[in-house]
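> any chance you can model this:
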Amino acid sequence: MNQEKKGSKRKIVSTSGRKSGQSTRRSPRKVVEQVPMLFGRESFKWMFIGLALIAAGLILMMGGSMPSPDVWDESLIYSHRRTTIAPFLILAGLILQFVAIFKK
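Below is the predicted model:
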């Protein structure tokens, strides 16, 4: 009656609220199957790397305050760092998130 399938993990959980040693009567028990985690350790590692890339891209895109409010300096606003590198890092982080989620 209590045969387990090969490879499946089962955990017996007591449904009564009594503490051990209170009674010698056997309490009803319920069999609960453990569900494996959806993502493994490696997937989480790649997800955190992707989040770090996205954060780095957003940090590189910040700033742009002018040293003097009377002077407009295009090199601060339209720098290579803000227009090319930061969006590339954000897209790379999003692609890495996608790969980490669908990697099995």
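> how distant is the host helix or strand of residue 57 from the center of its chain?
In the assignment (DSSP states H and E), residue 57 maps to helix 41-61. Distance, stretch centre to chain centre, for helix 41-61: 10 Å (C-alpha atoms, centre = their mean, to the nearest Å).
> can you map out the helices along this protein?
Assigned by DSSP state H, the chain shows helices spanning 41-61, 74-77, 80, 86-102.
> mind checking those helices for the one nearest to residue 67?
Across those, residue 67 has its closest neighbour in helix 74-77 (8.3 Å, C-beta to C-beta). Just so you know, the C-beta spots here come from the backbone N, C-alpha and C atoms, and that holds for glycine as well.
> ok so, going back, using CSV, list the CA coordinates for the helix holding residue 57.
As requested, the backbone C-alpha atoms of helix 41-61 are provided in CSV (Å, rounded to 0.1, in the frame of the first residue of the first chain):
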residue,chain,number,x,y,z
ARG,A,41,21.3,27.2,-9.0
GLU,A,42,22.9,28.0,-12.3
SER,A,43,19.8,29.7,-13.6
PHE,A,44,19.7,32.0,-10.6
LYS,A,45,23.3,32.8,-11.1
TRP,A,46,22.7,33.9,-14.7
MET,A,47,19.6,35.8,-13.6
PHE,A,48,21.6,37.8,-11.1
ILE,A,49,24.3,38.5,-13.7
GLY,A,50,21.6,39.8,-16.0
LEU,A,51,20.2,42.0,-13.3
ALA,A,52,23.7,43.4,-12.6
LEU,A,53,24.1,44.2,-16.3
ILE,A,54,20.8,46.0,-16.4
ALA,A,55,21.7,48.0,-13.3
ALA,A,56,25.1,48.9,-14.7
GLY,A,57,23.4,50.1,-17.9
LEU,A,58,21.0,52.3,-15.9
ILE,A,59,23.8,53.7,-13.8
LEU,A,60,25.9,54.6,-16.9
MET,A,61,22.8,56.3,-18.4
